[in-house]
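> got a sequence here, can you model it:
(2 chains)
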Amino acid sequence: MATNTDQTGTMYDLTNVLDIDALSSVRPGSTILISGPAMTGKEALAYDMLADGVTQNEGAVIVSTGDRASSVVADFSERVGQESFPLGVIDCVSDTSGGETTDSGVYMHHVSSPGDLTGIGIGITKALEGLHETGVENGRLALSSLSTMLTYTDRKTVFKFCHVLSSRLDGAGYLGLFTIDSGAHDDQTLQVIKQAFDGMIEIRERDGTRQARVVGLTSSPSDWQTLE
Amino acid sequence: MSDPDAPVVLIVEDEPDVAETYNLWLQDGYEVRVAQNGDEALDMLDEDVDVVLLDRMMPGLSGDEVLSRIRDSGYDCRVAMVTAVEPDFDILEMGFDSYLTKPIRSDQLHETVENLLERSTYDGLLQEYYSLVEKQATLEATKSSAELAESDEYEELTGRINELQDDLSQTLGGIEDDEDFIATLRGLGNGDEH
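Residues are numbered from 1 along each chain as shown, chains lettered A, B, ... in the order given. Have a look, this model is predicted:
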């Protein structure tokens, strides 16, 4: 959570990916919840924001609860359009646990279940450490998705996990992007989880087009903006 | 040491001289218990124990075995491993909350015990923070915004939530340290009944 006032890192500009004013200057250490119905491109939006950061020499960390690290890396490579990039991936679908570094320098960490919060935390720590060692000073982390985590762990634990991870990202000066399927949970759960974040990007569908708005980062919500 | 509210530290160490040194260093600020081996340690363990300093290499039950029995016991205490060799993350993966490498200096010992107590404070604050956030969400779901604006309970709740946010960001330096981060996450997964 962006609560420290002595943080001096560069602000994050997300408007290359989503052109909404509230995203033009996001404080390091901020965490944003990307909330919307299923199949509305929440994960793609988060990954695009990470890829955009990489082109600006930022690091990227992806926690995937549904895809294998190798396919996350392949997908990310296409988004970035480069052969090598500073990336660490933690997947939660592997039979084995532990970490490895690929030939292209991507750190992959495997955790056996989305409910293994300690394992995920160790993976994130090692990924951040690896990026730091290559000289990357700041970056963006995406976690997709909290909805899957909520099927393995209760709401209270997921809330606390988000809070503790936010604090850690604040310490590292990273930006955090977490996706949640708004249709998969009751209103109260969404309301509670939201409280662990500094702001939210809401996605909805209207007449066949997708729209997004930003809530919480500025004093009032932004207008709805059409997504391409 | 007669302060009944002083935190309780359990020292598990088979060398009496070493155990006595730790005891002397800590006894002014803590209630100290000393066990000479793993079995004695498990006998002395109860809900009052806040921090355990556990020597890894002991005759009889090993430090690793004692740790797993402490975790199984369900008591909510922090365990620091005392070791002759510098370990890495593996130690945290094994379930220890921290480690100290011999020989230990007095200031290191105090720092570790303080840090582990602070983690307990953090967990307590986070637990309280969660319950209030949940209460707030319930009020927001059941009352109109006009009703909320007039509700003293809601106002008080929101104020307390903001205070706790500040407290949390000041405890443990807001979790900037890897060891604090991992150990705090592991605490969340431990049955979560505290």
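
> the most far-flung residue of chain B relative to its centre and residue B:152, how far apart?
Distance from the C-alpha centroid of chain B, by Cα atoms, centre = their mean, peaks at residue B:146 (42.3 Å). Per Cβ to Cβ, to the nearest Å, residue B:146 is found 14 Å from residue B:152. All C-beta atoms are positioned from the backbone trio N, CA, C, and that covers glycine.

> cool, residue B:177 as well?
Per Cβ to Cβ, residue B:177 is found 39 Å from residue B:152.

> those two: which is more packed in?
For residue B:177 versus residue B:152, neighbours defined as other Cβ atoms under 10 Å in any protein chain shown are more numerous around residue B:177 (15 against 7).

> what's the first helix or strand after the lowest-mean-pLDDT helix or strand in chain B?
Scoring the helices and strands of chain B by mean pLDDT, DSSP states H and E places helix B:90-93 at the bottom, with a mean of 69. Following helix B:90-93 in sequence order, the next helix or strand is strand B:98-101 (DSSP states H and E).

> list the contacts for the residue of chain B found nearest chain A?
Of all residues in chain B, the one sitting closest to chain A is residue B:176 (3.2 Å; Cβ to the nearest Cβ). Going by Cβ atoms under 8 Å, 6 or more residues apart in numbering or on different chains, residue B:176 touches A:167, A:168, A:170, A:171, A:172.

> ok, which pair from those residues is furthest apart?
Spatial extent of the contacts of residue B:176 (Cβ to Cβ) is set by the pair A:167 and A:172 at 10.0 Å.

> lowest mean pLDDT among the helices and strands of chain A, which one is it?
Taking mean pLDDT, DSSP H and E as the measure, the helix or strand of chain A with the lowest value is strand A:98-101, at a mean of 88.

> can I get the CA coordinates of that strand in CSV?
The C-alpha trace of strand A:98-101 is given here as CSV (Å, rounded to 0.1, in the frame of the first residue of the first chain):
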residue,chain,number,x,y,z
GLY,A,98,11.2,-24.6,-6.7
GLY,A,99,12.9,-22.2,-9.1
GLU,A,100,14.9,-22.2,-12.3
THR,A,101,16.3,-19.6,-14.7
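
> so what strands line up beside the very next helix or strand once past that strand?
Counting by DSSP H and E, the element after strand A:98-101 in chain order, helix or strand, is strand A:107-110. Partner strands and pairing direction for strand A:107-110 (DSSP bridges) are strand A:87-91 (parallel), strand A:98-101 (antiparallel).

> which helices and strands sit right next to the longest helix belonging to chain B?
For chain B, the helix with the greatest residue count under DSSP state H is helix B:106-142. Using 3 or more Cβ pairs under 8 Å, 6 or more residues apart in numbering or on different chains; DSSP states H and E, the elements in contact with helix B:106-142 are helix A:155-172, helix A:187-194, helix B:16-26, strand B:49-55, strand B:78-83, strand B:98-101, helix B:152-170, helix B:178-189.

> kindly report the residues of chain B close to chain A.
Residues of chain B found near chain A, taking Cβ under 8 Å from any Cβ of the partner chain as the criterion, are B:89, B:92-93, B:126, B:129-130, B:133-134, B:136-138, B:140-141, B:161, B:165-166, B:168-169, B:173-178, B:181-182, B:184-186, B:188-189, B:192.

> and with 7 Å instead?
Within reach of chain A by Cβ under 7 Å from any Cβ of the partner chain, chain B has these residues: B:89, B:93, B:126, B:130, B:133-134, B:137-138, B:140-141, B:165, B:169, B:174-176, B:178, B:181-182, B:184-186, B:188-189, B:192.
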